[in-house]
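Novice: I would like to see how this sequence folds:
(2 chains)
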2 protein chains.
Amino acid sequence: MRKFAADKSRNLLAHTNNFTSVLQHPTASLYSSSSHSQKSQLLLRFLNTTAAPNPSSSESMASDYSSTPVKLDSINPKVLECEYAVRGEIVTLAQKLQEELKKNPGSHPFDEILYCNIGNPQSLGQQPITFFREVLALCDHPAILDKAETQGLFSADSIERAFQILDQIPGRATGAYSHSQGIKGLRDTIAAGIEARDGFPADPNDIFLTDGASPAVHMMMQLLIRSKNDGILCPIPQYPLYSASIALHGGTLVPYYLDEATGWGLEISDLKNQLETAKSRGISVRALVVINPGNPTGQVLAENNQQQIVDFCNKEGLVLLADEVYQENIYVPDKQFHSFKKVARSMGYGEKDISLVSFQSVSKGYYGECGKRGGYMEVTGFSPEIREQIYKVASVNLCSNISGQILASLVMNPPKVGDESYESYSAEKDAILSSLARRAKKLEEAFNGLEGVTCNRAEGAMYLFPRIQLPKKAIEAAKAVNTAPDAFYARRLLNATGIVVVPGSGFGQVPGTWHFRCTILPQEDRIPAIISRLTEFHKGFMDEFRD
Amino acid sequence: MRKFAADKSRNLLAHTNNFTSVLQHPTASLYSSSSHSQKSQLLLRFLNTTAAPNPSSSESMASDYSSTPVKLDSINPKVLECEYAVRGEIVTLAQKLQEELKKNPGSHPFDEILYCNIGNPQSLGQQPITFFREVLALCDHPAILDKAETQGLFSADSIERAFQILDQIPGRATGAYSHSQGIKGLRDTIAAGIEARDGFPADPNDIFLTDGASPAVHMMMQLLIRSKNDGILCPIPQYPLYSASIALHGGTLVPYYLDEATGWGLEISDLKNQLETAKSRGISVRALVVINPGNPTGQVLAENNQQQIVDFCNKEGLVLLADEVYQENIYVPDKQFHSFKKVARSMGYGEKDISLVSFQSVSKGYYGECGKRGGYMEVTGFSPEIREQIYKVASVNLCSNISGQILASLVMNPPKVGDESYESYSAEKDAILSSLARRAKKLEEAFNGLEGVTCNRAEGAMYLFPRIQLPKKAIEAAKAVNTAPDAFYARRLLNATGIVVVPGSGFGQVPGTWHFRCTILPQEDRIPAIISRLTEFHKGFMDEFRD
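Specialist: Predicted coordinates for the structure are as follows:
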């Protein structure tokens, strides 16, 4: 399988511009921009089918706007090229079905839409950590901090923490723009949290607080990408933020394949091959993206594999962009999270030996505070003049939101043994993480029980990425409606069960293989029903299309 | 003056690439990218002088990083080109002085740094509106909504509003990613607020909630700019977010000059001239930016002037990008805010006659909630397929922060007569706005009392933009230290008084004229002391340099 992947990915470099390949090999299109108009036509067809009030009127609708100046062929082609499957056509269809269910209950063979397309735990019923929300509320309305009633409503340590945080904010002004890297006191707390995690020093001046991890990724892509000749090594399958950001910034995604047969392993020899192939085509590779724990693949890298990656980046002069937003989401006893910074420092690489950016977010972990848009990147191994450029770009957007900043400091410094909230905090945290582990296991077993489906275990993160051996008949039926086979499967699944998953083609996959990403986030008591809906649908699908 | 401005700006198109012009004519450099290395060297010199622990070691510091892969000449040149004076070198210097004051009180002839460089009201002591913060706190920690103590701590209508808002959020999940345009119920509220303001319909599907107005501006620039041959008409002086965003997206800023002699008036004939000149140079002008009320200039456009602008955009096929973030900040009885949408609809232009984007923010107005990063853009006059592209870009970043979204709905739907909070809310709002009006007047009079200084009144927004007639000797002294004369003045002012203002060269100005931007935001009881420090400094400066 690994060899097959490497051969295929080399092929990707060689031929593109093929209409059907756009959906099957999303990364292929990133090597070329010549299929824009075809892609946009295809995209439009889906969007109009699902979003326009009346599909057949979509053309006339467009023509009504004939006197407005902005046309599809006059916008930035990078915008046109960018794709983001996690919120793409499948979600637009799901929203349409949801509206229909609301207007006409009983109009579909299910009562509700189950959004398993996105890592959005609280949308599926996960409750926020009480201590974090107490502190946020008190910082939002500090006027109540001194009131007697507050003692009855909030834990003592949340009140104390709110006071501490307010003292760290100049003028206690939670409504003021902060330093563009974030409030210094909060960065001190985060740096201390990183030190406690890694056992190596962390510098608050290396921390850039951001509105979630996505803007941080964009900032680094913006810094590194000059043109289509600049490449970024990305895993395939990948979280499509990376392909979208590379497309928006006009660079080239250089794929390296994770090996499904070895639990989505990362082979350094493949990395080297991809790098050499890209170089031979005149692409200057600037950085390597590693997502650990993996998204959508759920693997947790072994420490010796991380060491190889660090060596590789050091030797090849690549910036290591480490997506570590799932660092708290580990579900198997035989794996542990190690930050790339810890690994690099353990190997003796210092600040000036490796350029490393670690991304963290409040959206994931056991906290799952997606709507708060908090996160940070820790930027190490860049010269002062480059750091000033990063700071300048951050300063154009002034600062990230203060509640998100506060929350980022809380997740890196939660209640400790002895704090009033510690027991309830620990109970909430453990309940969420142990339940996620059970859900991951149950869903994995269910997928592996389906005809023609194999699924690696989710060692971490929030997703399973099962592979489906689709019958030829299904592939032909998909072709007949100009749809990628995995998207065809996902649409049928949605229409039959209300379950929303993302087709593997949105993440990239070895050509000719088909997958989908399904989160492990539905509440535990719903899992059996989901599994039985899924099983029943799959059986019917196979019965319909079995060769 | 107007004629002079037009001639000069035409000149701007003709010659650039001049080292000294980079600081004097920031817009000039936007017509050319050939002075990157010179600019970055200059920028670096400032940054190192102020930020590095030891200025003389900055080169050796850089060389210590010789083995790291990212160098100043290998990053995206658009990042290098981008400048953002509001948080530029003057602020870096101010932060350095603040550190010194903290370490060695008495080390400078002032006790504190007064940040008049940025519209950040709460950093200077403005208090948030109580009702808004009550609702935010309750939405952050809904568990307390039903508790008896809560009645004693929060107003009844804030509790009711929090319940209403939570009901609008699917699953009451304030910690979930929302729809990428923002929570639908909040967009309904905002659309209703726009309708109440304008007397014309507003569609919630036209609203895109964003983390402040800046990301919304970036989104539109990203959509419209394909290359250096795409131009955006921007006022000079302008808020440097626009020049920065245009630079980052690789477009060309096409300047039109506001006429200082007529209170920063906007002449349509000048607009036409600039458009024609740009066209003749092969630049495809895509959009016109109007900032109303003006930043940094503080003027409020007359309705008939707005009508001319709408006609111009309609006729020339330009998207109208209307920065309306200061819509609540009007200080003179003879001027009123009219949204461009209201003006266009009043003229009979419908959805399909003009492409118009209105930007609004929770950072300004009487609320000044900069740290909350809330805002929206109302996008009208774009075809469904273009709207889908905007939605796609929004979806890559998932959504804006929920607290900011809630706050945006609150500022567009504040307490009404009869609500429990109405009186205290009104009192807080009126106190802030009437005080801002008094501060604007006092500072304007003070500036006009200084030798060689003239200052238009601040009809709106948060700034004064006085013009200084600098003596030749001062200009020569500035040249001798490779600094723009207005930056030279601003640095001297900071070093002598601790007052931070932004040199006019950061906003653009008619070549050969010198200005600075000063906010009207210091608390009212501080204004007399500020005026006397400013007056004393200015007198000393003129005594030192008078010709």
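Novice: give the contact list for A:Val310.
Specialist: A:320, A:340, A:343-344, A:347, A:349, A:354 (Cβ atoms under 8 Å, 6 or more residues apart in numbering or on different chains). Where you see a C-beta, it was placed from the backbone N, CA and C, and this is true even at glycine.
Novice: brain fart, A:Glu260
Specialist: A:1, A:456, A:467, A:510, A:513.
Novice: so which bits of the stretch 201-350 of chain A are right by chain B?
Specialist: Along the stretch 201-350 of chain A, the residues adjacent to chain B under the rule Cβ under 8 Å from any Cβ of the partner chain are A:211-212, A:214-215, A:218, A:222-226, A:241, A:244-245, A:248-249, A:286, A:317-319.
Novice: what about A:Glu328, neighbour count?
Specialist: Residues lying near A:Glu328 (other Cβ atoms under 10 Å in any protein chain shown) number 19.
Novice: contacting residues around it?
Specialist: Shown in contact with A:Glu328 (Cβ under 8 Å, 6+ apart): A:337, A:364-367, A:433.
Novice: coming back round to it: the residues of the stretch 201-350 of chain A next to chain B, buried ones only, as a PyMOL selection?
Specialist: Buried members of those, defined by 16 or more other Cβ atoms under 10 Å in any protein chain shown, are picked up in PyMOL with:
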select buried, chain A and resi 211+212+214+215+218+222+223+224+225+226+241+244+245+248+249+286+318+319
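Novice: quick one: which of the residues of the stretch 201-350 of chain A next to chain B sit in strands?
Specialist: A:286, A:319 (DSSP state E).
Novice: for stretch A:276-288, the averaged confidence score.
Specialist: Average pLDDT, stretch A:276-288: 97.
Novice: what's the most distant pair in the contacts of A:Glu328?
Specialist: Of all pairs drawn from the contacts of A:Glu328, the widest gap by Cβ to Cβ lies between A:Phe337 and A:Tyr367 and measures 15.4 Å.
Novice: who's more crowded, those two?
Specialist: The neighbour comparison of A:Phe337 against A:Tyr367 (other Cβ under 10 Å) goes to A:Tyr367, with 26 against 17.
Novice: and A:Pro240, how many neighbours?
Specialist: Per other Cβ under 10 Å, the neighbour tally for A:Pro240 reads 25.
Novice: quick one: residues contacting it.
Specialist: Per Cβ under 8 Å, 6+ apart, neighbours of A:Pro240: A:26, A:83-86, A:506-507.
Novice: between these, which is closest to chain B?
Specialist: A:Tyr84 (4.8 Å; Cβ to the nearest Cβ).
Novice: surely that closest one is in contact with B:Lys392?
Specialist: Yes - in this structure A:Tyr84 lies within contact range of B:Lys392 using Cβ atoms under 8 Å: 6.3 Å.
Novice: what pairs with the helix or strand where A:Pro235 lies, and is each one parallel or antiparallel?
Specialist: Per DSSP states H and E, A:Pro235 falls inside strand A:230-236. Strand A:230-236 has its sheet partners listed here by DSSP bridges as strand A:252-257 (parallel), strand A:284-291 (parallel).
Novice: deepest-packed of the ones you listed, please.
Specialist: For the strands paired with strand A:230-236, the largest average neighbour count (mean count of other Cβ atoms under 10 Å in any protein chain shown) is found in strand A:252-257, namely a mean of 26.
Novice: mind saving the C-alpha coords of that one as PDB?
Specialist: What follows is strand A:252-257, C-alpha atoms only, in PDB (Å, rounded to 0.1, in the frame of the first residue of the first chain):
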ATOM      1  CA  THR A 252       1.400  24.800  -4.300                       C
ATOM      2  CA  LEU A 253       0.400  21.900  -2.100                       C
ATOM      3  CA  VAL A 254       3.000  19.200  -2.200                       C
ATOM      4  CA  PRO A 255       1.400  16.000  -1.000                       C
ATOM      5  CA  TYR A 256       2.900  13.300   1.000                       C
ATOM      6  CA  TYR A 257       0.800  10.200   1.600                       C
END
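Novice: same for the helix or strand just after it, what does it pack against?
Specialist: Next in sequence after strand A:252-257, counting helices and strands by DSSP H and E, comes helix A:268-280. Under the contact criterion of 3 or more Cβ pairs under 8 Å, 6 or more residues apart in numbering or on different chains; DSSP states H and E, helix A:268-280 touches helix A:2-14, strand A:230-236, strand A:252-257, strand A:284-291, helix A:303-316.
Novice: distance to B:Ala173 added to those, as a markdown table?
Specialist: Formatted as a markdown table, the helices and strands packed on helix A:268-280 follow (distance: least, Cβ to Cβ, whole Å):
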| stretch | distance to B:Ala173 |
| --- | --- |
| helix A:2-14 | 39 |
| strand A:230-236 | 30 |
| strand A:252-257 | 33 |
| strand A:284-291 | 25 |
| helix A:303-316 | 35 |
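Novice: mean pLDDT lowest where, among these?
Specialist: For the helices and strands packed on helix A:268-280, where the average pLDDT is lowest is helix A:2-14, sitting at a mean of 37.
Novice: out of the contacts of A:Glu260, who has the most neighbours?
Specialist: A:Val510 (24 neighbours).
Novice: so it makes contact with A:Tyr256?
Specialist: No - in this structure, A:Val510 is not within contact of A:Tyr256 by Cβ under 8 Å, at 11.8 Å.
Novice: so, low pLDDT: which residues of chain A?
Specialist: By pLDDT under 70, the weakly predicted segments of chain A are A:1-63.
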